[in-house]
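Enquirer: mind looking at a prediction? Sequence and model below.
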Amino acid sequence: MRKLCSAILVAFMGLGCAHAAEPPAKVKSVINPPPTAKDWADLAKLPDWSGVWNPKITDQDAQVKTNMPPWTPKANEYIQFQLAEERAGRPPPLFTNCLPEAMPAWMLVTHNSMEVLFTPGRVTMLGESDGARLRRIYTDGRKHPEDPDPTFHGHSIGHWEGDTLVVDTIGVLPQTLIAVSEAAGHPNNGDMHIKERIHLDPKNKDIMLVHLEITAPKVLTKTWTTTRIFFRQRARIYDIIEGVCQEGYFKPDKDKHGNDIFVPIPHAVGGNREPPK
Amino acid sequence: MKSSSKKVVASAAFVGLVAGAYPVAAHHSTTMFDREKFIVLEGTVKELHWTNPHVAIFIENAVAKPGVPDGLWVVELTSPGNLVRSGWTRTLIKPGEKVAVEVHQLRDGSKGGGLRKITVASTGQTFNYNIRDQERPNLEGETYK
């Protein structure tokens, strides 16, 4: 009878039985106010981050030797094994599943460019290569949700301290990698907290410095700090190009009706196109 | 589709684990290519896949040498975006063209590798790229005509 009651309850969307539990209370959503003319005008006071920013890959390479994260012994064993495999010509395929490089690996090891957009109450970072590489950093004064749904890029809030954007990120999926190269990285395993201070180099405003402080208690013995470097480009050939990672698993072809379609092509386990036999 | 999907799933299952002796396509280290030496393919471009995350050129190698069999080879490059920034265009290398290609071969000796440089026979023009060569701001940016 109770089951029947529950079924009826579900079926009639809460038109219930006498003994049914109280439905959870609802809380009204915060409404984002429409931006004012002043909000738009205030954007002009922010530093100029226009253009496209490409990463300093050689510095990413160098930090594998000069600035290794303080891994726990177990995590270090994992990383050293991956690095040895990479050196031996068997690089572990960290990103071949075409899921987003995600945070913090995007900032740490990307080989692709990004751009940064300012709109009232938000900074948006747009990247290349994952198809959906995008970070929304809320600068409207909101706090983190108490229990954010974990996502690849986490929940980010930011504020400006002078010309520095200070970003705080939580709610990142535990599977995302703290990567030191494209072949060596460890899942953060949860409870990761990332603080960033992003600003232009005072000595050269066409260089962006991203200072990261990564706390990941499941795999790091203490907070790891690193700075990643990006260069501003204004030539149009640097404009961001759509980069859908999964595209590489297909080739353009025609079906029997002459329609343009994508056809899967064989790939080896590691993700490369299968060499012809 | 089925076969490929299974392989993609298999690839996903390997994340963070040890790879087999295979190179990778997306955001990958390139140590699977033997960068200490290169081989030369001489033949005809059969197909060009201008796709993310790695462009690929399929070449029918007409000149067999020891360890370099004739027949179809696949040579992978960086992403379309990174190639454009190195001056390439989607039509720079066309199917049907005769080319000579220097390739860092896959370490397992199979008919694939990473591009070192490519020379188009009809014009003698040579093309390559190096994304680590772009580490300074405000590059002028030039595109091959």
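Expert: Thanks, I have it. Numbers count the residues shown, from 1 in each chain, chains lettered A, B, ... in the order given.

Enquirer: neighbours around residue 76, how many?
Expert: As the question left the chain open, I've gone with chain A. The burial count assigned to residue A:76 is 16, neighbours taken as other Cβ atoms under 10 Å in any protein chain shown. (C-beta placed from N, C-alpha, C; glycine too.)

Enquirer: please refer instead to chain B.
Expert: If you count neighbours by other Cβ under 10 Å, residue B:76 ends up with 26.

Enquirer: tell me if I'm right that it and residue A:273 touch.
Expert: Yes. Using Cβ atoms under 8 Å, residue B:76 is in contact with residue A:273, at 6.7 Å.

Enquirer: which residues touch stretch A:34-47?
Expert: A:118, A:119, A:120, A:121, A:160, A:163, A:199, A:200, A:205 (Cβ atoms under 8 Å, 6 or more residues apart in numbering or on different chains).

Enquirer: JSON lines please, covering those residues and showing pLDDT and distance to residue A:135.
Expert: Shown next, in JSON lines, are the contacts of stretch A:34-47 (pLDDT from 0 to 100; distance: Cβ to Cβ, whole Å):
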{"residue": "A:118", "pLDDT": "98", "distance to residue A:135": "13"}
{"residue": "A:119", "pLDDT": "98", "distance to residue A:135": "14"}
{"residue": "A:120", "pLDDT": "98", "distance to residue A:135": "17"}
{"residue": "A:121", "pLDDT": "97", "distance to residue A:135": "15"}
{"residue": "A:160", "pLDDT": "98", "distance to residue A:135": "16"}
{"residue": "A:163", "pLDDT": "98", "distance to residue A:135": "19"}
{"residue": "A:199", "pLDDT": "98", "distance to residue A:135": "17"}
{"residue": "A:200", "pLDDT": "98", "distance to residue A:135": "18"}
{"residue": "A:205", "pLDDT": "98", "distance to residue A:135": "22"}
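
Enquirer: closest to chain B among the residues you listed?
Expert: For the contacts of stretch A:34-47, the minimum distance to chain B (Cβ to the nearest Cβ) is 8.9 Å, reached by residue A:205.

Enquirer: quick one: the strands in the stretch 51-200 of chain A, in order.
Expert: Along the stretch 51-200 of chain A, the stretches classed as strands by DSSP state E, counting those that start in this stretch are A:52-55, A:114-119, A:122-127, A:134-138, A:155-161, A:164-170, A:177-181, A:184-187, A:193-201.

Enquirer: and those strands as JSON lines, adding distance to chain B?
Expert: Shown next, in JSON lines, are these (distance: least, Cβ to the nearest Cβ, whole Å):
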{"stretch": "strand A:52-55", "distance to chain B": "6"}
{"stretch": "strand A:114-119", "distance to chain B": "11"}
{"stretch": "strand A:122-127", "distance to chain B": "10"}
{"stretch": "strand A:134-138", "distance to chain B": "16"}
{"stretch": "strand A:155-161", "distance to chain B": "22"}
{"stretch": "strand A:164-170", "distance to chain B": "19"}
{"stretch": "strand A:177-181", "distance to chain B": "6"}
{"stretch": "strand A:184-187", "distance to chain B": "6"}
{"stretch": "strand A:193-201", "distance to chain B": "10"}
